[in-house]
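# Fold the following, please.
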Amino acid sequence: MPPYKMWEIMERANTGPFCEDEAFIMDIFLPKMREVIAKYGIVYNPATPVPADDALADAVWQAGVEFFGDVGVLNVDTHRIMRFDAAEIREALYHVPGEYRVGYGKDARLFRQRAVEDAAPPFCIFSPDITCDEEFFLPSCIAYLQEPLADGVCASILEESMGLKIKAGTPTELAGVIEHAMSLRQAAKLVGRPGLFLVAVGTAESDMGQIAVSNEEWGVRTSDSRLVGALTELKIDNELLNKAVHYQQFGCFTGSLTGPIYGGYAGRAEGTAVLQVAYHLMGLLVHQAHYQMNFPFHLHYTSNSGREMLWIVSISHQAVARNSRLLSVANGFLNAGPGTKMVLYEAAAHALTATVSGANLWEAAPAHNKHKNYATPLEARLACEVGHAAARQHMTRAQANQIVCQLLARYEPMIANAPMGKPFPECYDARTARPTAEYLALYGEVKEEIAGLGIKFPY
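Below you'll find the predicted structure:
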């Protein structure tokens, strides 16, 4: 597992109940969301961004399962709803193994499901999650790949290849995706980690682009991973389904890439948490995914490091961890940019929240995930060092909540006007792929400050 009844499920994109987009949201999605929030008594408490309430976590899970079963997933190309009954959901969840061996050779790692307050460290995927100038792509890949805590790496996204603007579905996309895949593989070899788990290629927007880089010799290997996304909210199209099927047929690992929107159709914190659980089930049944990569984000700030967003990250991952063996990864979206204290506080708060709540880590997207070149490995490094430390010291949710509240006090007032910071070439020496002395000193200062809050770093 997966795949789970792949062709039977794919056929539902053509044979399910007919429904137009607006009716799906207005007549099915919204009424059901209001119903399950009230039925299961889900209430957000801003005083506990990291709640320690097992009953609440279970209620969010139950609401998410019921919501997903009744609403389903709309294929916007065929206008058909793909639905799953309770028995199918239970069967698919039963067959989830809870762990996979990813990567190969000496660089292979065990990628496993985590429990709430798990003492095992999170699986850490380092990723800038932004676009990158072509000239900085290889140095950026090297910088991320040489991070010792990286169990896997996902590279930046190229907008140009050989000086040409990349456009999805055209020859320029084929050039860009091949450059992306080959450069990432080259970087892994250069740093002595040729078998490391790679998630590629973000440059490939179309199904054609993803299919083009399935190549064991120079491209994406079966030991690597690909991502398939969703449309807002609980929607999909044939191109995304093409990716899901191709990944299974090629034989690589599939990650389900979903980001429920706080302030969108799901409403506020309660609905966004329920939708996050539903997206886990969509990932398993529709995307046929081996792991779920989640980035709930605020409609106005496009981040998930604010108080209400951390609550969503925490309670939804607790819900999944307590009630399934699904591999779930929390993706940090931060407001401030590299080279600032604020971005490091945010990275620490997100990683701590996710780790004690039973998630693995995918870190991090600074500067609202909007600005080219504005990401470095140091943000991800601090997040993952915090995650490892919290797990090693058996930190509880209540203890984490106290620390997260102290971190929020340092940056919460600045979320609406977060500092942009500096781009990669001003924080790192692109020739050596090493951080500048200035940023490294700031990193050390913030790490010492966070240690003073109760994080026992192992080194």
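# List the contacts of residue 369.
With contact set as Cβ atoms under 8 Å, 6 or more residues apart in numbering, residue 369 has these partners: 129, 130, 297, 302, 303, 333. The C-beta positions use only the backbone N, C-alpha and C, and glycine is treated the same way.
# Restricted to strands, list these.
297, 333 (DSSP state E).
# Quickly check the contacts of residue 369 for the two that are furthest apart.
Pairwise distances across the contacts of residue 369 (Cβ to Cβ) peak at 14.0 Å, for the pair 130 and 297.
# What's the local residue count around residue 214?
When neighbours are counted by other Cβ atoms under 10 Å, residue 214 registers 19.
# give me the beta-bridge partners of it?
Here residue 214 sits in beta bridges with residue 220, going by DSSP bridges.
# how near is it to residue 108?
Going from residue 214 to residue 108 by Cβ to Cβ, to the nearest Å gives 20 Å.
# if we can go back for a sec, compare neighbour counts for residue 130 and residue 297 and give me the winner.
The residue with more neighbours, out of residue 130 and residue 297, is residue 297; 25 against 22, by other Cβ under 10 Å.
# Might one say that the more buried one is in contact with residue 331?
No - counting by Cβ atoms under 8 Å, residue 297 sits too far from residue 331 to count as a contact (9.2 Å).
# Need the residues touching each of the two.
259, 304.
# Let me know whether residue 191 touches residue 144 as I believe.
No - using Cβ under 8 Å, residue 191 is not in contact with residue 144; the gap is 9.5 Å.
# and these two? which has more neighbours close in?
residue 144 (26 against 19).
# residues touching the more buried one, list them.
Residue 144 is in contact with 126, 127, 128, 150, 153, 155, 377, 380, counting by Cβ under 8 Å, 6+ apart.
# what does residue 202 give?
Residue 202 neighbours (Cβ under 8 Å, 6+ apart): 154, 155, 156, 157, 180, 227.
# do the same with residue 423
337, 338, 371, 372, 373, 374.
# Check the burial of the nearest residue to the fourth one once chain neighbours are set aside by counting its neighbours.
Spatial nearest neighbour of residue 372, excluding adjacent residues (Cβ to Cβ, 6 or more residues apart in numbering): residue 131 at 4.6 Å. Using other Cβ under 10 Å as the criterion, residue 131 is surrounded by 20 other residues.
# With residue 45 instead?
When counting by other Cβ under 10 Å, one arrives at 12 neighbours for residue 45.
# Against residue 18, how distant is it?
Distance from residue 45 to residue 18, counting by Cβ to Cβ: 41 Å.
# what's the answer for residue 61, then?
To residue 18, residue 61 is 30 Å away according to Cβ to Cβ.
# Kindly report the same for residue 279.
To residue 18, residue 279 is 23 Å away according to Cβ to Cβ.
# those strands in the stretch 201-350 of the chain, which residues are they?
For the stretch 201-350 of the chain, strands defined by DSSP state E, counting those that start in this stretch occupy the ranges 225-229, 235-236, 253-258, 261-262, 291-294, 297-298, 328-333.
# what's the farthest-apart pair in the contacts of residue 202?
156 and 227 (14.1 Å).
# Tell me where the stretch 51-200 of the chain has strands.
Under DSSP E, counting those that start in this stretch, the stretch 51-200 of the chain gives strands at 73-75, 80-82, 99-102, 109-112, 124-126, 131-132, 152-154, 157-158, 160-161, 164-165, 197-199.
# would you turn those into JSON lines with mean pLDDT and distance to residue 139?
Formatted as JSON lines, the strands of the stretch 51-200 of the chain follow (pLDDT from 0 to 100; distance: least, Cβ to Cβ, whole Å):
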{"stretch": "strand 73-75", "mean pLDDT": "98", "distance to residue 139": "40"}
{"stretch": "strand 80-82", "mean pLDDT": "98", "distance to residue 139": "43"}
{"stretch": "strand 99-102", "mean pLDDT": "98", "distance to residue 139": "25"}
{"stretch": "strand 109-112", "mean pLDDT": "98", "distance to residue 139": "24"}
{"stretch": "strand 124-126", "mean pLDDT": "98", "distance to residue 139": "15"}
{"stretch": "strand 131-132", "mean pLDDT": "96", "distance to residue 139": "10"}
{"stretch": "strand 152-154", "mean pLDDT": "98", "distance to residue 139": "14"}
{"stretch": "strand 157-158", "mean pLDDT": "97", "distance to residue 139": "14"}
{"stretch": "strand 160-161", "mean pLDDT": "94", "distance to residue 139": "16"}
{"stretch": "strand 164-165", "mean pLDDT": "94", "distance to residue 139": "21"}
{"stretch": "strand 197-199", "mean pLDDT": "98", "distance to residue 139": "17"}
